[in-house]
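Q: Got a sequence here, can you build the structure:
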Amino acid sequence: MRLQKLTLLLFSLLLYAVVPGIAQGNMLQRIEKEFQKVVAASRPAIVKVVATHQLELPQFPPELQKTVLTRQNVGSGIVIDAAGHIVTTTFDGAVQQVEVVFHDGKRANAELLGEDVMTDIAVLRVKTAGGREGAQIRHGNSADIDSGSWVVTVGSSYGASPVISFGIVGGWDILPNHHCAEVIKINAPVTPGNSGGAVVNTAGEVVGMILAVLTDAVPGVPAVVEGDNITEFRIQPASQSWVTFAVPIETVLSVAQEIIAHGKVARGWLGVQIEMGKSGIFITRVTENSPAHKSGLLPKDIILEFNEHPVENYPQLLRCVMSAAPHTRVNLKIYRNGRAMTRAVTLGEK
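A: Residues are numbered from 1 along each chain as shown. From the prediction side, this is the model:
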């Protein structure tokens with residue numbers, strides 16, 4: 001009981017220190033206003049992204065041969081600069097048209113500059129965004145985010161108003177299909193349709209982009225028929241599990257810059273097949289004329305370090321290799337025939 005009283009006392013003192021004049025006002029109202037400021041600071045940079053896909057037609061009767069079957073996926077995006085570049089998540093299949101809806105309701109067609117499937121990041125360009133007041137983001141440092149940090153997620157998938165939720169960061173993790181970078185794990189009720197939206201810290205700075213939601217699927221909504229055009233509005237299932245993953249803003253901006261400059265992200269390539277053994281990463285095959293082959297790596301070699309950084313499993317090695325630029329010279333410490341040695345490898349391009 002004494003410990004509980006002490007805890008309450010310390011918590012009360014903390015609130016008095018953080019919220020000046022708490023005795024004269026309602027604490028919840030003050031927190032609410034601060035919350036609204038955080039949302040308002042990031043809202044102009046969050047857009048709705050509507051992607052139209054043309055679907056393959058089944059064998060229709062002759063009278064329906066002119067029917068066009070399309071599907072629209074609705075997600076979110078973040079304006080990253082005054083030139084009209086927008087980041088979002090990669091699209092499911094070939095895209096026929098992409099339209100962006102800004103926070104003030106104005107619409108513009110967007111050009112898909114490129115996608116990076118390793119990080120699930122796509123970059124769009126909208127010509128009309130250049131002169132928009134306060135459109136681009138104010139980004140923070142995701143390194144300051146850790147377990148227990150408070151964040152706000154802001155999406156713009158459905159309806160005219162944003163989709164907002166409050167969450168607490170659980171920590172950092174690596175997703176099975178996203179080995180190139182760690183992601184931020186957040187306990188927040190975010191629906192999958194808001195992928196591409198922003199994760200905002202308590203200073204109103206964007207620190208990440210919503211990537212995926214861990215959820216149980218719920219059946220969607222059937223197609224809507226309009227004349228000769230059949231449009232399937234794919235409504236994302238509601239989230240039944242409040243676990244959200246976000247790409248750190250530094251990774252987002254780095255990938256975006258590569259796509260803007262080159263249309264893609266060039267990644268390193270080693271050229272080996274591996275298995276995990278008791279001793280570590282075991283090479284089972286070396287591709288002929290690959291960087292690994294040219295450097296003298298052999299089957300049965302065990303990879304211990306990449307540029308003096310220990311690698312203990314496949315995701316770590318893949319992240320090291322694919323995060324390096326092609327033609328980069330790296331040092332691999334390996335174990336062969338009872339002794340350790342180092343091999344210099346000039347990476348190829350994936």
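
Q: Mind pulling up the pLDDT for the closest residue to Gly167 other than its chain neighbours?
A: Spatial nearest neighbour of Gly167, excluding adjacent residues (C-beta to C-beta, 6 or more residues apart in numbering): Ala188 at 2.6 Å. Backbone N, C-alpha and C define where each C-beta goes, glycine included. We have a pLDDT of 87 for Ala188.

Q: One more: Glu349?
A: pLDDT, Glu349: 90.

Q: Correct me if wrong: it contacts Gly271.
A: No. Counting by C-beta atoms under 8 Å, Glu349 stays clear of Gly271, with 11.0 Å between them.

Q: More neighbours: these two, which one.
A: Gly271 (21 against 11; other C-beta atoms under 10 Å).

Q: Gln36 in helix, strand or coil?
A: Secondary structure for Gln36, judged by DSSP: H, G, I helix; E, B strand; the rest coil, is helix.

Q: ok, it - how many residues close by?
A: Residue crowding around Gln36 was assessed by other C-beta under 10 Å; the count is 11.

Q: what about it, distance to Val152?
A: Computed as C-beta to C-beta, to the nearest Å, the Gln36 to Val152 distance reads 10 Å.

Q: Show the end-to-end separation of stretch 95-112, please.
A: 9 Å (C-alpha to C-alpha, to the nearest Å).

Q: I'd like to check what contacts that stretch. Which residues are they?
A: Outside stretch 95-112, the residues that touch it by C-beta atoms under 8 Å, 6 or more residues apart in numbering are 43-44, 46-54, 70, 77, 86, 91, 122-129, 132, 135, 156, 160, 162.

Q: Inside helices: which ones of those?
A: Counting by DSSP state H, the contacts of stretch 95-112 place none of their members in helices.

Q: Out of those, which end up buried?
A: Those of the contacts of stretch 95-112 that meet the buried threshold are 43-44, 46-51, 53, 77, 86, 91, 122-124, 126, 129, 132, 135, 156, 162, by 16 or more other C-beta atoms under 10 Å.

Q: Skip the chain neighbours and tell me the closest residue to Gly204.
A: Ala41 (3.2 Å).

Q: Give me the neighbour count for that neighbour.
A: Ala41: 19 neighbours (other C-beta under 10 Å).

Q: does it sit in a helix, a strand or a coil?
A: Put simply, Ala41 is helix when judged by three-state DSSP.

Q: Can I get stretch 199-218 in CSV? Just the C-alpha atoms.
A: Provided in CSV are the C-alpha atoms of stretch 199-218 (Å, rounded to 0.1, in the frame of the first residue of the first chain):
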residue,chain,number,x,y,z
VAL,A,199,3.7,7.3,-38.0
VAL,A,200,4.1,10.6,-36.1
ASN,A,201,6.0,11.2,-32.8
THR,A,202,4.8,13.5,-30.0
ALA,A,203,6.7,16.4,-31.6
GLY,A,204,4.5,16.2,-34.7
GLU,A,205,7.4,14.7,-36.8
VAL,A,206,7.0,11.8,-39.2
VAL,A,207,9.2,8.9,-38.0
GLY,A,208,7.9,6.1,-40.1
MET,A,209,5.6,4.9,-42.8
ILE,A,210,2.9,2.3,-42.1
LEU,A,211,3.8,-0.9,-43.8
ALA,A,212,1.7,-3.8,-42.7
VAL,A,213,-0.9,-4.8,-40.1
LEU,A,214,-0.9,-8.2,-38.3
THR,A,215,-4.6,-9.1,-38.5
ASP,A,216,-7.1,-11.8,-39.1
ALA,A,217,-8.8,-11.5,-42.4
VAL,A,218,-12.5,-10.7,-42.7
